[in-house]
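K.L.:
Here is a sequence together with a model predicted from it:
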Amino acid sequence: MDRVYSSFIVFVLSLLLSAPAWAQDVIYYKRGRKENFNAAEYERNSYFLGLLRMVLDATKPEYGDYLLLPKKVPAKGERLQWSLANKAGLDVLWGNPHPKYASAFRKINIDLLRGHGGIIVLLVHKDRIDEFRHITSLQQLAPFKLGRNAKSAKKELFKKINLNVLFSHNAGSVVKNLLMGRYDVLPVELYGSDLIRKSHPDIVELPNLAFKNHMQSTYFVHKDNKRLHVRITRGLEILESNGRFAKHFNTHIMMSPYRRFDLNTAIILHDFTQH
């Protein structure tokens, strides 16, 4: 029995040790927080992870096979980026690199949200929507009070263009103040707009009006991992050229808050990326 057991252990260890040998790249991503984590289900539900799988598949002829594996990391937000910056188990993240750690990363400069991540739409109370139908310029918006979260990293954005901005201490009070009429307009990103309107049916989005900022959602890796940076960049270029990048964006349920906004017909009141 001991000999059979020992043989089994040797067999299992040989499989584990041989995996990196046939895989040119072993890439770890942060797994979901559920205890009963299912990697296949998580990948199906995650637009970004599913796209990363497509990227790695598209580059197999040039870069070889790979392993894309989940890793449990007890961190989130800024702390999660610290773990990548300090090579604490992760190989890739997606989103916006924190300025504190940006120098430790190689950012893949391709917007995963295809231009929609930087769109800021305007929310108003549904009973006041007629007051805003005529607006097509900053000058026409200037008399109105805009609400912002005082804790937001972008809280000063609209002050740069001399709009009337009032601040709340948290996101919840911003919405409450809009409903109570203390604010006239609430500028929010597309994803936030969907969340707010689903929970507050009295709030509506002004059609076709928007601002644009520098926000992008990208993949980024450690600065020492040049190979993975080049591989992901190349894969996204391949998927863009064959139309699969656009198809993934246009069909994945996670992207529905973004793709509903038509960039071609939008009136961009101000583009913050130009200064």
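P.N.:
Noted; the coordinates are in hand.
K.L.:
okay, CA-based contacts and neighbour counts for the rest of this
P.N.:
Noted.
K.L.:
Give me the residue ranges of the stretch 1-150 of the chain where confidence is low.
P.N.:
Scanning the stretch 1-150 of the chain for pLDDT under 70 picks out 1-23.
K.L.:
can you give me the helices for it?
P.N.:
Along the stretch 1-150 of the chain, the segments classed as helices by DSSP state H, counting those that start in this stretch run 2-22, 39-45, 47-58, 60-63, 77-85, 138-141.
K.L.:
again with the stretch 151-275 of the chain
P.N.:
171-179, 190-199, 226-242, 244-251, 256-259.
K.L.:
Leaving out the residues flanking it, which one is nearest to residue 170?
P.N.:
Using Cα to Cα, 6 or more residues apart in numbering and skipping residues adjacent in sequence, the residue nearest residue 170 is residue 149, 5.4 Å away.
K.L.:
give me the beta-bridge partners of that neighbour?
P.N.:
Assessed by DSSP bridges, residue 149 has beta-bridge partners residue 168.
K.L.:
Can you report how many residues lie near it?
P.N.:
Residue 149 is surrounded by 20 other residues when neighbours are defined as other Cα atoms under 10 Å.
K.L.:
Same check on residue 196?
P.N.:
Using other Cα under 10 Å, the number of residues around residue 196 comes to 17.
K.L.:
Which pLDDT value belongs to it?
P.N.:
Looking at residue 196, its pLDDT is 94.
K.L.:
Return the distance of it relative to residue 172.
P.N.:
10 Å (Cα to Cα, to the nearest Å).
K.L.:
And residue 226, by the same measure?
P.N.:
Taking Cα to Cα, one finds residue 226 at 42 Å from residue 172.
K.L.:
try residue 44
P.N.:
The gap separating residue 44 from residue 172 is 31 Å, by Cα to Cα.
K.L.:
nearest spatial neighbour of residue 75, skipping sequence neighbours?
P.N.:
For residue 75, ignoring the flanking residues on the chain, the nearest one in space by Cα to Cα, 6+ apart is residue 83 at 8.0 Å.
K.L.:
before we move on, back to that, adding distance to residue 31, write the helices of the stretch 151-275 of the chain out as a markdown table.
P.N.:
Below are these laid out as a markdown table (distance: least, Cα to Cα, whole Å):
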| stretch | distance to residue 31 |
| --- | --- |
| helix 171-179 | 28 |
| helix 190-199 | 22 |
| helix 226-242 | 19 |
| helix 244-251 | 21 |
| helix 256-259 | 23 |
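K.L.:
partners of the closest residue in space to residue 189 that isn't next to it in sequence in the sheet?
P.N.:
Excluding the flanking residues, the one nearest residue 189 by Cα to Cα, 6+ apart is residue 120, at 4.4 Å. Counting by DSSP bridges, residue 120 is bridged to residue 189, residue 211.
K.L.:
Around residue 120, how many other residues sit close by?
P.N.:
For residue 120, the count of nearby residues is 22 (other Cα under 10 Å).
K.L.:
does residue 129 really touch residue 203, like I thought?
P.N.:
No - Residue 129 lies out of contact with residue 203 (Cα atoms under 8 Å); the separation is 9.5 Å.
K.L.:
picking that back up, ok now do the residue nearest to residue 189, which residues does it touch?
P.N.:
187-190, 210-213 (Cα atoms under 8 Å, 6 or more residues apart in numbering).
K.L.:
Out of those, which comes closest to residue 62?
P.N.:
Among the contacts of residue 120, residue 213 lies closest to residue 62 (Cα to Cα), at 35.6 Å.
K.L.:
Does residue 42 touch residue 34 like I think?
P.N.:
No - counting by Cα under 8 Å, residue 42 stays clear of residue 34, with 10.2 Å between them.
K.L.:
Between these two, tell me which one has more neighbours.
P.N.:
Of the pair residue 42 and residue 34, residue 42 is the one with more neighbours under other Cα under 10 Å, namely 15 against 8.
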